[in-house]
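Chemist: Got a sequence here, can you build the structure:
(one chain, ligands or ions: 1)
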Amino acid sequence: MTVPMADLPAQYKALKSELDEAISSVMATGGFILGPTVAACETQIAAICGAKHGIGVGNGTDALLLSLMALGVGPGDEVITPPFTFVATVETVVLLGATPVFADIDPVHFTLDPADVAKKITPRTKAIVPVHLFGQLADMDGLRAFGLPLIGDGAQAIGAAQKGKEVAQWTDLTTLSFYPTKNLGAAGDGGMILTNDDSLAEKLRLLRFHGSGGNYDYHLVGVCSRLDALQAAILNVKLPHLAHWNEARRANATYYDTALANCDDLILPKTRPDNLHTFHQYTVRVSNGRRAALKAFLAERGIATGIFYPVALHLSPIYQERFMGKLGDHPESERACDEVLSLPIYPELSVEQRVYVAESICAFFGG
Ligand SMILES: Cc1ncc(COP(=O)(O)O)c(C=O)c1O
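Modeler: Just a heads-up that it's a prediction; the model follows:
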């Protein structure tokens, strides 16, 4: 048996006729840029995530870039982010000439630790970018208490909620990615920005379209980053399935929680109380330096695993050099990079496959 980290062909097979028809209908109209298909996608996704506005953009990285631009982030500004994240969270800050200021993560939930953020705030702090890593929200009450603008990197958290409030209700701006393996994936790149603020939404609609309202009238210096109508059509077909896909991921997580409960050197992920987790990843910690051996053991049995992320960004060459990162600066992020291992959790994972994964892990630990 083989177990991949995602099975996109299986998802296509299940929805083939609807997807093919949606693609054909966009092809038949020739309306590839914005228009009603994109608008419908924006409205539906905003509603699911608790936002008034959805602004479809080219990918999750551009969603972060444009969010920072909409807040006016630029040279001289500082933006607080965790170093344990995908590079996009940080590179977009640097691209705008601002300085990323790293704050460490809470080791239990892998998200930005408000206590460390408190130590990093200066008069130049323009925004905080918590990452809702692996699919659960950061400690939002703790972060909101600072009263600074918040951009939630929700690339992995579509459908997540905390204390009964959906992901986009917690931050001024929330960014999504529709990278194919995300919980809601396009057939290529796609992203969205969510907000309840009318003026930020208006600014973002200009920014994604060269700063223009569409009539060669330039009000802002913008970029060209729009969600394709073809991708929106695909997302519109998949959207009604998101809730049960997220439910299937949670069921797989519950299964692993029980099946892996007694393995020494394995620390299972914890969900914050009152949090609805999307389980974009089910990420365990493997202690005592045994991660590489476990990964290799599983690979030999045909089981794929992922390391998200192997290097904390303050130690990654370009950011280390530019911002003088040192080993020991953010110990919890560094330790997470050495210990984390993500297991297959995608919705199409069969019962036989997840049993095989759990039994193989128990066999490694001598269970
Ligand atoms: C946490 C996080 N932020 C940002 C991104 C960037 O999204 P994209 O690949 O769509 O640009 C991703 C996805 O890869 C991500 O996981």
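
Chemist: I'd like the distance between residue 340 and the ligand.
Modeler: To the ligand, residue 340 is 14 Å away according to C-beta to the nearest ligand atom, to the nearest Å. Every C-beta, even on glycine, is put in place using the N, C-alpha and C of the backbone.

Chemist: my bad, should have said residue 358
Modeler: Distance check for residue 358 against the ligand: by C-beta to the nearest ligand atom, it reads 25 Å.

Chemist: That residue sits in which helix or strand?
Modeler: In the assignment (DSSP states H and E), residue 358 maps to helix 351-364.

Chemist: go on, residue 192?
Modeler: strand 191-195.

Chemist: ditto for residue 151
Modeler: strand 151-153.

Chemist: For that strand, name the packing helices and strands.
Modeler: Helices and strands touching strand 151-153, as assessed by 3 or more C-beta pairs under 8 Å, 6 or more residues apart in numbering; DSSP states H and E, comprise helix 60-70, strand 173-177.

Chemist: now the ones you listed as TSV including mean neighbour count, mean pLDDT and distance to residue 139?
Modeler: Written out in TSV, the entries for those read as follows (neighbours: other C-beta atoms under 10 Å; pLDDT from 0 to 100; distance: least, C-beta to C-beta, whole Å):
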stretch	mean neighbour count	mean pLDDT	distance to residue 139
helix 60-70	27	98	20
strand 173-177	31	98	16
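
Chemist: just so I know, which of these lies nearest the ligand?
Modeler: helix 60-70 (2.5 Å; C-beta to the nearest ligand atom).

Chemist: Strands of the stretch 51-200 of the chain, start to end?
Modeler: If you assign secondary structure with DSSP state E, counting those that start in this stretch, the strands in the stretch 51-200 of the chain sit at 53-57, 78-81, 99-102, 125-128, 151-153, 161-162, 165-166, 173-177, 191-195.

Chemist: what about the last one, distance to the chain center?
Modeler: If you compare the mean C-alpha spot of strand 191-195 with that of the full chain, they lie 12 Å apart, counting by C-alpha atoms, centre = their mean, to the nearest Å.

Chemist: Name every strand pairing with it and say which way it goes.
Modeler: Taking DSSP bridges as the criterion, strand 191-195 forms sheet pairs with strand 53-57 (antiparallel), strand 173-177 (antiparallel).

Chemist: okay, these in JSON lines with distance to the ligand next?
Modeler: Supplementary listing: the strands paired with strand 191-195 in JSON lines, determined by distance: least, C-beta to the nearest ligand atom, whole Å:
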{"stretch": "strand 53-57", "distance to the ligand": "9"}
{"stretch": "strand 173-177", "distance to the ligand": "3"}
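
Chemist: Those into CSV, with extra columns for distance to residue 90?
Modeler: What follows is the strands paired with strand 191-195, written out as CSV (distance: least, C-beta to C-beta, whole Å):
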stretch, distance to residue 90
strand 53-57, 18
strand 173-177, 13
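
Chemist: looking at those strands, which is closest to residue 40?
Modeler: Closest approach to residue 40 among those (C-beta to C-beta): strand 53-57, 10.1 Å.

Chemist: can you list contacts of the closest one?
Modeler: Surrounding strand 53-57, the residues in contact under the criterion C-beta atoms under 8 Å, 6 or more residues apart in numbering are 34, 38, 41-43, 45-46, 63, 66, 190-198, 201, 204-205, 208, 225-227, 232.

Chemist: Show me which of these are buried.
Modeler: With neighbours counted by 16 or more other C-beta atoms under 10 Å, these contain buried members at 34, 38, 41-42, 45-46, 63, 66, 190-196, 201, 204-205, 208, 225-227, 232.

Chemist: What residues are bridge-paired with the closest residue to residue 128 other than its chain neighbours?
Modeler: The shortest distance from residue 128 to any residue that is not its chain neighbour, by C-beta to C-beta, 6 or more residues apart in numbering, is 4.6 Å, and that residue is residue 80. Taking DSSP bridges as the rule, residue 80 bridges to residue 101, residue 128.

Chemist: and the gap between residue 80 and residue 336?
Modeler: In this view, residue 80 and residue 336 are 18 Å apart by C-beta to C-beta, to the nearest Å.

Chemist: Tell me which of these two has more neighbours.
Modeler: Comparing residue 80 with residue 336 by other C-beta atoms under 10 Å, the one with more neighbours is residue 80, at 26 against 23.

Chemist: ok, and the closest non-adjacent residue to residue 172?
Modeler: With C-beta to C-beta, 6+ apart as the measure, residue 149 is the residue that lies nearest to residue 172, at 5.1 Å, once sequence neighbours are left out.
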